[in-house]
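Asker: From the sequence below, what's the structure:
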Amino acid sequence: MVELRDLSVTFTGGRRPVRAVSGVSLTVRRGEVVALIGESGSGKSVTLRSLLRLHPERRTQWAGTVKVAGLDVLALSGRALADYRGKVASMIFQEPLLALDPVYTVGAQIVESIRRHEDVSPAEARQRALALFERVRIPSPERRLQAYAHEMSGGMRQRAMIALALACRPQLLLADEPTTALDATVQIQILLLLRELQRDLGLSVIFVTHDIGAAVEVADRIAVMYAGRIVEEGTARDLIRQPRHPYTIALLKSRAHGAMARGTPLDTIGGAPPDLSALPPGCAFAERCPLATDACRARVPDAVAIAPGHRALCLRTDDAAALAPDLLPTP
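Answerer: A predicted model of the protein is given here:
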């Protein structure tokens with residue numbers, strides 16, 4: 001369904017070019033859920049938005065290959081690009097209050113999307129919108145179709161955003177931190193709803209999050225991003241049980257879990273991510289890594305195969321095993 005090969009995204013609007021994504025390669029099979037995790041600024045959302053070409057064209061330079069359902073996304077333009085967005089690939093944005101148009105009812109926006117891609121009457125499109133509201137379990141769906149985004153709660157807006165994303169039956173669903181602005185109870189509801197819809201509809205999903213717990217809940221595979229690169233990738237089980245990149249291990253250690261004794265302080269990752277306009281010549285995590293050597297700082301490491309389908313961009317994968325936490329639950 002998705003094939004990224006050496007994708008690089010550089011923004012040129014400031015004083016210096018900012019290379020937000022550097023040589024990302026990733027595949028997503030049909031019906032598979034892949035999570036992208038990492039700190040803010042690691043390139044997750046930039047990668048996701050590149051799949052829809054949502055970055056400003058004049059200030060963005062793309063390199064590499066982006067294919068979705070056999071389409072060369074970077075070669076699309078005009079009407080072909082508009083036809084692709086929503087019909088082949090669709091996105092759930094992080095903040096639906098900003099993504100939904102405030103001057104139109106939510107129902108009107110879903111109806112417009114359906115009619116843009118399919119030759120149906122307004123009445124038929126409205127029935128589809130109502131069915132979608134029922135599918136995502138919005139209470140009083142008839143009345144909520146007539147509501148504006150600001151008249152809905154956060155959880156209800158996110159469900160409406162999911163309904164809008166699914167309106168034209170896309171093959172690929174892109175979810176950009178869809179639970180960030182929600183309280184814990186609603187987060188769980190949205191995650192379970194997304195997983196249920198993915199299974200029922202056979203969707204391929206790329207799920208962006210900084211929460212490893214959320215990634216484990218919904219994903220088949222996890223890709224860990226740091227400074228614009230995928231530094232480790234594998235199945236959810238392998239990545240939790242056998243992390244081999246120091247950054248992945250640091251993320252796992254910084255998360256609270258049920259086996260921790262009350263009052264135990266969380267580990268933190270010292271330092272800060274590098275400046276993406278002046279990336280170091282070697283591993284970008286070296287200045288924060290307890291295992292870094294001069295060799296790590298000299299060049300970007302090649303991918304090391306840990307197990308079938310599990311790889312890490314690190315020279316010290318064997319030594320990193322000793323750092324791995326052993327108290328986290330296996331998905």
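
Asker: Quick check: which ranges of the stretch 51-200 of the chain have low pLDDT?
Answerer: 181 (pLDDT under 70).

Asker: where along it do the strands fall?
Answerer: 60-68, 71-72, 89-92, 172-176 (DSSP state E, counting those that start in this stretch).

Asker: Mind putting those strands into TSV with mean neighbour count and distance to G202?
Answerer: All C-beta spots, glycine's among them, are computed from the backbone N, C-alpha and C. As requested, the strands of the stretch 51-200 of the chain are exported to TSV (neighbours: other CB atoms under 10 Å; distance: least, CB to CB, whole Å):
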stretch	mean neighbour count	distance to G202
strand 60-68	17	16
strand 71-72	13	19
strand 89-92	24	14
strand 172-176	23	11
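
Asker: the helices in the stretch 51-200 of the chain, which residues?
Answerer: 78-87, 96-99, 106-117, 122-135, 141-145, 154-165, 184-201 (DSSP state H, counting those that start in this stretch).

Asker: Dump the ones you listed into a markdown table; add mean neighbour count as well.
Answerer: Shown next, in a markdown table, are the helices of the stretch 51-200 of the chain (neighbours: other CB atoms under 10 Å):
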| stretch | mean neighbour count |
| --- | --- |
| helix 78-87 | 14 |
| helix 96-99 | 16 |
| helix 106-117 | 21 |
| helix 122-135 | 17 |
| helix 141-145 | 16 |
| helix 154-165 | 24 |
| helix 184-201 | 16 |
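
Asker: For Q171, find the nearest of those helices.
Answerer: helix 78-87 (8.6 Å; CB to CB).

Asker: CA atoms only for stretch 94-104, dumped as PDB, please.
Answerer: Coordinates of each C-alpha in stretch 94-104 appear next as PDB, following Å, rounded to 0.1, in the frame of the first residue of the first chain:
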ATOM      1  CA  GLN A  94      -4.300  16.200  15.600                       C
ATOM      2  CA  GLU A  95      -6.600  19.100  16.500                       C
ATOM      3  CA  PRO A  96     -10.100  18.700  14.800                       C
ATOM      4  CA  LEU A  97     -11.200  22.200  16.000                       C
ATOM      5  CA  LEU A  98      -8.600  23.700  13.700                       C
ATOM      6  CA  ALA A  99      -9.000  21.100  10.900                       C
ATOM      7  CA  LEU A 100     -12.800  21.500  10.600                       C
ATOM      8  CA  ASP A 101     -14.200  24.600   9.000                       C
ATOM      9  CA  PRO A 102     -15.900  26.700  11.700                       C
ATOM     10  CA  VAL A 103     -18.400  28.400   9.400                       C
ATOM     11  CA  TYR A 104     -20.000  25.100   8.100                       C
END
